[in-house]
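> Show me how the following folds:
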Amino acid sequence: MLFFRSEELLEEWLASNHAQRGAVLSISKLWELSQLWYQNRMSPNYHGRTIEEAQAIFRVVGLTSEFWQPC
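Now for the predicted structure:
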């Protein structure tokens, strides 16, 4: 996970590192995702997530592009 201050800086980094663009989230979207992703992580009953459970969280926050689909 990398953080950039702007789209321009992201594009510069991609070009200078010959990297492909992946998913890009705003800080507010990342916060929304993290709240759902980590909400029960400290529970003694936590057992990890199935692919289907992870997909459901992604859908709730609107992450439905190909990047967020299982391989």
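
> My read is that residue 10 contacts residue 22, right?
No - applying C-beta atoms under 8 Å as the test, residue 10 and residue 22 come out as separate, 10.3 Å apart. For the C-beta atoms, the positions are set from N, CA and C on the backbone; glycine is no exception.

> neighbour-wise, which of these two wins?
Neighbour tally, residue 10 and residue 22, criterion other C-beta atoms under 10 Å: the higher count belongs to residue 10, 16 against 9.

> Can you give me the distance of the residue lying closest to the more buried one once chain neighbours are set aside to residue 23?
Once flanking residues are discounted, residue 10 sits nearest to residue 4: 4.2 Å by C-beta to C-beta, 6 or more residues apart in numbering. Distance of residue 4 to residue 23, given as C-beta to C-beta, to the nearest Å: 13 Å.

> How is residue 20 assigned, secondary-structure-wise?
Applying DSSP: H, G, I helix; E, B strand; the rest coil to residue 20 yields a three-state assignment of coil.

> and the residue found closest to it once you drop the neighbours it is linked to in the chain, what element?
Residue nearest to residue 20 in three dimensions, not counting chain neighbours: residue 14, with 7.4 Å by C-beta to C-beta, 6+ apart. Element membership for residue 14 (DSSP states H and E) is helix 7-17.

> what distance separates that helix from the centre of its chain?
Mean-position distance between helix 7-17 and its chain equals 19 Å (C-alpha atoms, centre = their mean, to the nearest Å).

> what comes up buried for that helix?
residue 10 (16 or more other C-beta atoms under 10 Å).

> CA-only coordinates of that helix, as PDB, when you get a sec.
This file holds the C-alpha atoms of helix 7-17, laid out as PDB (Å, rounded to 0.1, in the frame of the first residue of the first chain):
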ATOM      1  CA  GLU A   7      -2.900  12.000  -8.700                       C
ATOM      2  CA  GLU A   8       0.000  13.900 -10.200                       C
ATOM      3  CA  LEU A   9       2.500  12.400  -7.800                       C
ATOM      4  CA  LEU A  10       1.000   9.000  -8.200                       C
ATOM      5  CA  GLU A  11       1.400   9.200 -12.000                       C
ATOM      6  CA  GLU A  12       5.000  10.400 -11.600                       C
ATOM      7  CA  TRP A  13       5.800   7.500  -9.300                       C
ATOM      8  CA  LEU A  14       4.200   5.000 -11.700                       C
ATOM      9  CA  ALA A  15       6.200   6.400 -14.600                       C
ATOM     10  CA  SER A  16       9.500   6.500 -12.700                       C
ATOM     11  CA  ASN A  17       9.000   2.900 -11.400                       C
END
